[in-house]
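Student: give me the fold of what follows.
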Amino acid sequence: MTSMAEFPSNTWQDYELVDSGDGEKLERFGKYTLIRPEPKALWTKSMPYAKWRSFANVRFSPGAGFGKAGKEDSGTWDKAGAMDDQWYIRYKGCSTETSSLEMNLRLGLTAFKHVGVFPEQAPNWEWIYARTSELVAKAKARSEAPPKVLNLFAYTGAASLAAKAAGAEVTHLDSVRQVVTWARGNMERSGMDGIRWVVEDAMKFVSREVRRGNLYQGIILDPPAYGHGPDGEKWKLDELLFKMMQGVSSILAPRDSFMVLNLYSNGYSSLLGETVVRQAFGLKDSGAGEPSYVLTSGELALQDRFGKALPLSIYVRLTL
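Tutor: Modelled structure (predicted):
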């Protein structure tokens, strides 16, 4: 078991966590700087709040009951001056001899404080791109079809684009049609095509793939604490995560494959996530020689200008 914290590269010019504290974070996304709630920022701000407000183009003001019972109530964005409701940022990451990880991602001021991208996920994008590139190279050497990658709870698609940039056949699934449309726009703006779009409940889709015997060489999951499918299906992480991972274990190819699980839910640790994966996949160390898999876990975090680390999610990565 290997556990560690990972941060986006400081060479990413279109994103910066400027400061954090007192339950908020000050972030720059391209040409605009935002103030958003952040319950995990338990410390005090390093800059006076007046300076925050002088930097910020907009601040999210939570509505009544915001964040209670594990849910996020809507709020409003208070603009300091004229600004676009939608804009783009660029991400340029690692590259290989045959491809490079470059994406254009649309941002927007949504009613739930989110803007369409989770910047702390950049290390996962890099990992997905690197693992997929390795599988693409193996497939080419064997004159086989490109690897198939499934992205569940896929939101606006940065992880899907990372796999597509490396050359995979990608299936992108989310239960909300509007965010799938958002993801499609990101693909087109990034100069890519050919992603398969699915608007469906993730558990239903995985159960059907298990019955059909379909296999994927890569599976990406970023499940919320709570959610609903397009037909009102209920998702509750605490109750359904292990069942979901059991299904995923049945549709992930038994070798030359990878899985990455991301969890935002408070109270979940990397060790808990790793144990869920280990048990769902039936992973056991043979005790002799090298194991047939690599399982790692850790935290994804951001660091502000003053060196304060803000952990935001945990990841579990499996390579078979």
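Student: where do the strands sit along the stretch 151-300 of the chain?
Tutor: 169-174, 196-199, 218-221, 226-228, 234-236, 258-263, 294-303 (DSSP state E, counting those that start in this stretch).
Student: could you list the low-pLDDT ranges of this structure?
Tutor: 1-3, 64-73, 286-291 (pLDDT under 70).
Student: roughly how far does Arg142 sit from Met259?
Tutor: Distance from Arg142 to Met259, counting by C-beta to C-beta, to the nearest Å: 22 Å. Where you see a C-beta, it was placed from the backbone N, CA and C, and this is true even at glycine.
Student: any idea which residue sits dead centre in this structure?
Tutor: Nearest to the geometric centre of the chain sits Gln121, at 5.1 Å (C-alpha atoms, centre = their mean).
Student: distance check, that one against Ala154.
Tutor: From Gln121 over to Ala154 the distance is 12 Å, taken as C-beta to C-beta.
Student: Val179 touches Tyr155, doesn't it?
Tutor: Yes - between Val179 and Tyr155 there is a contact under C-beta atoms under 8 Å: 5.7 Å.
Student: the more surrounded of these two?
Tutor: Tyr155 (22 against 19; other C-beta atoms under 10 Å).
Student: which residues sit in contact with that one?
Tutor: When contacts are counted by C-beta atoms under 8 Å, 6 or more residues apart in numbering, Tyr155 touches Asp174, Val179, Ala183, Asp222.
Student: quick check: angle from the helix ranked longest in the chain to strand 258-263?
Tutor: Longest helix in the chain, counting residues (DSSP state H): helix 122-141. On the basis of axes from the mean of the first three to the mean of the last three C-alpha atoms, to 10 degrees, helix 122-141 is oriented at 160 degrees to strand 258-263.
Student: who does helix 122-141 touch, helix- and strand-wise?
Tutor: On a contact count with 3 or more C-beta pairs under 8 Å, 6 or more residues apart in numbering; DSSP states H and E, helix 122-141 meets strand 86-95, strand 100-108, helix 158-165, strand 218-221, strand 258-263, strand 309-319.
Student: measure Ser297 to Glu274 for me?
Tutor: Noted for Ser297: a distance of 4 Å to Glu274, by C-beta to C-beta.
Student: to clarify, my last question referred to Val149.
Tutor: Val149 is 22 Å from Glu274, by C-beta to C-beta.
Student: between the two, which one's more packed in?
Tutor: Legend: neighbour count by other C-beta under 10 Å for Val149 and Glu274, higher for Val149 (29 against 24).
Student: assign a three-state SS to that one, would you?
Tutor: Secondary structure, DSSP: H, G, I helix; E, B strand; the rest coil: Val149 is strand.
Student: before we move on, what about Arg53?
Tutor: Here Arg53 is recorded as helix under three-state DSSP.
Student: name the nearest residue to it, sequence neighbours excluded.
Tutor: Closest residue to Arg53 apart from its sequence neighbours, by C-beta to C-beta, 6 or more residues apart in numbering: Ala80 at 7.2 Å.
Student: repeat for Phe281
Tutor: Of all residues not flanking Phe281 in the chain, Ser249 sits nearest, at 4.5 Å (C-beta to C-beta, 6+ apart).
Student: thought the one you found was touching Leu283?
Tutor: No - contact criterion C-beta under 8 Å: Ser249 and Leu283 do not qualify, at 9.3 Å.
Student: neighbour count winner among those two?
Tutor: With neighbours defined as other C-beta under 10 Å, Ser249 and Leu283 compare such that Ser249 has more, 19 against 16.
Student: what's the spacing between the more buried one and Ala225?
Tutor: Applying C-beta to C-beta, the value for Ser249 to Ala225 is 22 Å.
Student: for stretch 221-236, buried residues please.
Tutor: Neighbour counts using 16 or more other C-beta atoms under 10 Å place Leu221, Asp222, Pro223, Pro224, Ala225, Gly227, Gly229, Trp235 of stretch 221-236 among the buried residues.
Student: I'd guessed the last one sits against Lys243; true?
Tutor: No - between Trp235 and Lys243 there is no contact under C-beta under 8 Å: 10.9 Å.
Student: what touches both of these two?
Tutor: Common contact partners of Trp235 and Lys243 (C-beta under 8 Å, 6+ apart): Met203.
Student: buried stuff in stretch 84-99?
Tutor: So for stretch 84-99, counting by 16+ other C-beta under 10 Å, buried means Trp87, Tyr88, Ile89, Tyr91, Gly93, Cys94, Thr96, Ser99.
Student: just checking, the second one touches Arg189?
Tutor: Looking back up the chat, that one is Tyr88. Yes - taking C-beta under 8 Å as the definition, Tyr88 is a contact partner of Arg189 at 6.7 Å.
Student: mutual contacts of the two, please.
Tutor: The contact sets of Tyr88 and Arg189 overlap at Asn104, Leu105, Arg106 (C-beta under 8 Å, 6+ apart).
Student: nearest to Gly63, of those?
Tutor: Taking C-beta to C-beta as the measure, Gly63 lies nearest Arg106 of the shared contacts of Tyr88 and Arg189, at 24.5 Å.
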